[in-house]
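1. Below is the structure, and that's it, no one-letter string:
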């Protein structure tokens, strides 16, 4: 075999292997390794940076760069305050890429700027390009390739080669993001439903339904149509997220996007109480679903409908029985035993004596019952379950 053919075959095999590795990525590290290795087969560069985990048009929550930079989180936060490309990106939502020279001018012009002196010079570049991936009007991810003063700028042929492999990177990023989202939402649901009851919805970042139980479908129908009309509908078939809930969730999104990425953990907004404008007895609590700061997934939102007790007064017996059954299912056997004694009118001291428990233990279990069922008093508990 001709040595040149053999060499070309080896390069092609290595390129194919890097694509396969990229598509096998299931976490952040393997995604970064796959992106870096694939692009190294396509062109030369002084530095490569991958930006991930954007919320809306906010800064990336996760940044990888090579060569490495000391204290990268602080570095990229300060760098972002002077970034000359951010205004252009904000004005060109959906643009697939840009060449640095089209925004910052020639290398000689760029070297006179504060951004170059403080950041680009230390990073070793004065020219480059960025590829952006979008989900609607929100940025999904971006990678940048940089070249130094002794390197030529990217040619049109190189740009097209980079764009030809960018679709593989977009697919891989979306897949890892989806894996993270599913993992985060599963963990959040398990954590949330351990202590709080139905009726519960889980919405993703784009306010698409991820999870709803029967009680949530029923509550949404009551919000949308009123309690009388709602009974004539199949709650699943007529389901839509109530307008006030959507409005509150969008406001939470705006607040989250206004937070600097590194402060999301400590500044994540708390629950918001929502009222139905047509019936103020109907209330719901909207709260961000917990998520890992290091995750590529965007946060979701829990919606917990709070059922007013007086709406149960005119329910048909079988419907009322079903609500009682669902409520009891959220309790442990020990808590259900406490409930039976409370419904008999017994006080904590009497219950403690009969069950051979301390009064403190009984009080703790009663508080747990109230929390799980969203109640505030024994009277409400009796009205719900007796």
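-> Yes, it's here. This one's a predicted model, so the numbers in the text were calculated from it and none came from an experiment.
2. What's the local residue count around the residue nearest to residue 52 when sequence neighbours are not counted?
-> For residue 52, ignoring the flanking residues on the chain, the nearest one in space by CB to CB, 6 or more residues apart in numbering is residue 62 at 4.2 Å. Quick note: C-beta positions are derived from backbone N, CA and C, even for glycine. For residue 62, the neighbour count with other CB atoms under 10 Å is 19.
3. In the chain, where is pLDDT below threshold?
-> 1-13, 190-198, 290-295, 307-327, 329, 385-386 (pLDDT under 70).
4. For the residue nearest to residue 52, grab phi and psi.
-> Dihedral pair for residue 62: phi -130, psi 130, per degrees, to the nearest 10.
5. What segments of the stretch 1-150 of the chain are strands?
-> Using DSSP state E, counting those that start in this stretch, the strands of the stretch 1-150 of the chain run over 47-52, 62-66, 97-99, 127-135, 138-147.
6. Using JSON lines, please lay out those strands together with distance to residue 161.
-> As requested, these are exported to JSON lines (distance: least, CB to CB, whole Å):
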{"stretch": "strand 47-52", "distance to residue 161": "15"}
{"stretch": "strand 62-66", "distance to residue 161": "20"}
{"stretch": "strand 97-99", "distance to residue 161": "12"}
{"stretch": "strand 127-135", "distance to residue 161": "12"}
{"stretch": "strand 138-147", "distance to residue 161": "11"}
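7. Identify whichever of the ones you listed lies nearest to residue 274.
-> strand 138-147 (24.0 Å; CB to CB).
8. Next up, the contacts around the residue lying closest to residue 56 once chain neighbours are set aside.
-> The shortest distance from residue 56 to any non-neighbouring residue, by CB to CB, 6+ apart, is to residue 257 (4.1 Å). Shown in contact with residue 257 (CB atoms under 8 Å, 6 or more residues apart in numbering): 55-58.
9. cool, and residue 275?
-> 244, 282-283.
10. again, 6 Å this time
-> For residue 275, the contacting residues are residue 283, by CB atoms under 6 Å, 6 or more residues apart in numbering.
11. how near is it to residue 203?
-> 19 Å (CB to CB, to the nearest Å).
12. next one: residue 174
-> Residue 174 is 19 Å from residue 203, where distance means CB to CB.
13. Pick out whichever of those two has more residues nearby.
-> Set residue 174 next to residue 203 and count neighbours by other CB under 10 Å: residue 203 wins out with 22 against 15.
14. can I assume that one is in contact with residue 304?
-> No. Proximity of residue 203 to residue 304 does not meet the contact threshold set by CB atoms under 6 Å, at 12.0 Å.
15. ranges for the helices of the stretch 251-386 of the chain?
-> 264-267, 317-329, 333-343, 348-355, 359-373, 378-385 (DSSP state H, counting those that start in this stretch).
16. Helix 378-385 and the fifth one, what's the angle between them?
-> Same thing as helix 359-373. 50 degrees (axes from the mean of the first three to the mean of the last three CA atoms, to 10 degrees).
17. which secondary structure elements does helix 359-373 contact?
-> Contact here means 3 or more CB pairs under 6 Å, 6 or more residues apart in numbering; DSSP states H and E; on that basis helix 359-373 packs against helix 333-343, helix 348-355.
18. try 10 Å this time
-> Here helix 359-373 touches helix 156-195, helix 317-329, helix 333-343, helix 348-355, helix 378-385, going by 3 or more CB pairs under 10 Å, 6 or more residues apart in numbering; DSSP states H and E.
19. so who does residue 370 touch?
-> 376-378, 380-381 (CB atoms under 10 Å, 6 or more residues apart in numbering).
20. top of those residues by neighbour count?
-> Most neighbours among the contacts of residue 370, by other CB under 10 Å: residue 381, with 20 neighbours.
21. ok so, going back, mutual contacts of residue 203 and residue 304, please.
-> With CB under 10 Å, 6+ apart as the test, residue 203 and residue 304 both reach residue 286.
22. The nearest residue to residue 210 once chain neighbours are set aside: neighbouring residues, count only.
-> Leaving aside its chain neighbours, residue 210 sits nearest to residue 202 (4.4 Å; criterion: CB to CB, 6+ apart). Using other CB under 10 Å, residue 202 has 20 other residues around it.
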